[in-house]
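*Asks:* let's see this in three dimensions:
(one chain, ligands or ions: 1)
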Amino acid sequence: MPLTTLSNGRQAVIVTAADGATAIVYEQGAQVASWIPAGGKEVMFVSPNSIYKDGTSIRGGVPICWPQFSDMGAGAAHGHVRKAKWDFVEDGVGTVTFSLRVKPDDAANQWSIDAELHCIVNVSSAELSVAFRIKNLAESDASFNLALHTYFAISSIHNVTIHGLDNCTWADNMRKREKFAPEEIRRIDKETDRIYLDVEGPVTISDPQNARNIVIQGAGLPDVVLWNPWIERTQKFVDLVETGYLDFVCVEHGAIGKPVVLAKGQTWEGAQVIAVQAQTSSKI
Ligand SMILES: O=P(O)(O)OC[C@H]1O[C@@H](O)[C@H](O)[C@@H](O)[C@@H]1O
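*Replies:* Here you go, the predicted structure:
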């Protein structure tokens, strides 16, 4: 069994690619918490105040938010599977798969969905891909939202610029998801909690101080949440340090604007694919 116990006491698989890239994927939540391209820097942010215990999602990496985003449903905010213990399925060079059987009578499954979930992680120095697959095992349609809630490590929120969202209508999570017309967004300089709808191209985080662009693309996931809690809201998170907002930005590909409706017996997959490009100038 390739699961190992890390120094924080949690079980995880350390994935190594043929080119020397590594990733860490926790059993709880099938949560990716590290991706280091060979000879490169960590791409995932994980808060030093993260709580490592049963039923608590790590503050960082790629929490899988399903079957609901935020409070858009009857169940726990961002769903329950990010806090559940997933089953290891298989691993190989640069890859690991976890699964989770979700049954209607699970106490935490307030959506009563009957399904098998898979999280498939593939890693190399060029790319990290995190795929969420669901097979509907019920006799009726399953309807759900999904977000791959990825926390990216950055040199400082003051240094980075965001590209790829200017032409999209967005809903403000801080104003009851009221919708707004497209507008340029480059720097984040205040609390930002937006759902960009129907994003077609990649989203890029340009980080000149880290000499890299992080290029993030969704597959089957049309929407993108852009989140940074900024100064005041950060203080409300027990698992973030006081200045934690400086160190990350979340770019979360998801199916949020419209729920996915999956017919009985059908399988659906959505993924986030992340690439890192060396930067020679601050322009992208
Ligand atoms: O504290 P949680 O449940 O992990 O959520 C963190 C944030 O997740 C983001 O996706 C939401 O847009 C924010 O509103 C939320 O605060």
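*Asks:* identify the residues contacting stretch 68-84?
*Replies:* Stretch 68-84 is contacted from outside by 28-29, 31, 55-57, 63-67, 100, 102, 108-111, 117, 144-147, 149, 173, 195, 225, 254, 256, using Cβ atoms under 8 Å, 6 or more residues apart in numbering. Just so you know, the C-beta spots here come from the backbone N, C-alpha and C atoms, and that holds for glycine as well.
*Asks:* who does the longest strand along the chain pair up with?
*Replies:* Ordering each strand of the chain by length in residues (DSSP state E) puts strand 248-262 first. Strands that pair with strand 248-262, judged by DSSP bridges, come out as strand 142-148 (antiparallel), strand 151-153 (antiparallel), strand 223-228 (antiparallel).
*Asks:* can I get that strand as CSV, trimmed to CA atoms?
*Replies:* Extracted C-alpha coordinates of strand 248-262, given in CSV (Å, rounded to 0.1, in the frame of the first residue of the first chain):
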residue,chain,number,x,y,z
PHE,A,248,-2.2,32.6,-2.0
VAL,A,249,-4.9,33.2,-4.5
CYS,A,250,-7.6,30.7,-5.2
VAL,A,251,-8.5,30.0,-8.9
GLU,A,252,-11.3,27.4,-8.7
HIS,A,253,-12.6,25.8,-11.8
GLY,A,254,-16.1,24.5,-11.4
ALA,A,255,-19.6,23.9,-12.6
ILE,A,256,-21.5,26.4,-10.5
GLY,A,257,-23.6,28.7,-12.7
LYS,A,258,-25.6,25.7,-13.9
PRO,A,259,-25.7,22.4,-12.0
VAL,A,260,-24.6,19.3,-13.8
VAL,A,261,-27.5,16.9,-14.4
LEU,A,262,-26.4,13.4,-14.8
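*Asks:* report whether the following helix or strand past that strand contacts the ligand.
*Replies:* Per DSSP states H and E, the first helix or strand lying C-terminal to strand 248-262 is strand 267-278. No - Strand 267-278 does not reach the ligand (Cβ under 6 Å from any ligand atom); its nearest approach is 13.5 Å.
*Asks:* list the contacts of the residue located most distally from the centre of the chain.
*Replies:* The centre of the chain is farthest from one residue, Glu139, which by Cα atoms, centre = their mean lies 29.7 Å away. For Glu139, the contact set (Cβ under 8 Å, 6+ apart) comprises Lys264.
*Asks:* residue numbering should commence at 28 henceforth.
*Replies:* Happy to do that; since the first residue is 28 now, the last one works out to Glu166.
*Asks:* that one and Ala103: what is the separation?
*Replies:* Counting by Cβ to Cβ, to the nearest Å, the gap from Glu166 to Ala103 is 25 Å.
*Asks:* likewise for Gln293?
*Replies:* Per Cβ to Cβ, Gln293 is found 25 Å from Ala103.
*Asks:* compare neighbour counts for these two and give me the winner.
*Replies:* Ala103 (16 against 12; other Cβ atoms under 10 Å).
*Asks:* leaving out sequence neighbours, find the closest residue to Met201.
*Replies:* Leaving aside its sequence neighbours, Met201 sits nearest to Asp220 (Cβ to Cβ, 6 or more residues apart in numbering; 5.0 Å).
*Asks:* what mean pLDDT does the helix or strand containing that neighbour get?
*Replies:* Using DSSP H and E, Asp220 maps to strand 219-223. Regarding strand 219-223, the rounded mean pLDDT is 98.
*Asks:* go on, stretch 129-148?
*Replies:* 95.
*Asks:* flag every buried residue along that stretch.
*Replies:* By 16 or more other Cβ atoms under 10 Å, the buried positions in stretch 129-148 come out as Val129, Asn136, Trp138, Ile140, Asp141, Ala142, Leu144, His145, Cys146, Ile147, Val148.
*Asks:* mind putting these in CSV, distance to the ligand included?
*Replies:* Below are the buried residues of stretch 129-148 laid out as CSV (distance: Cβ to the nearest ligand atom, whole Å):
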residue, distance to the ligand
Val129, 19
Asn136, 18
Trp138, 17
Ile140, 20
Asp141, 25
Ala142, 22
Leu144, 19
His145, 22
Cys146, 17
Ile147, 22
Val148, 20
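*Asks:* which of these fall within strands?
*Replies:* Short answer: the buried residues of stretch 129-148 in strands (DSSP E) are Val129, Ala142, Leu144, His145, Cys146, Ile147, Val148.
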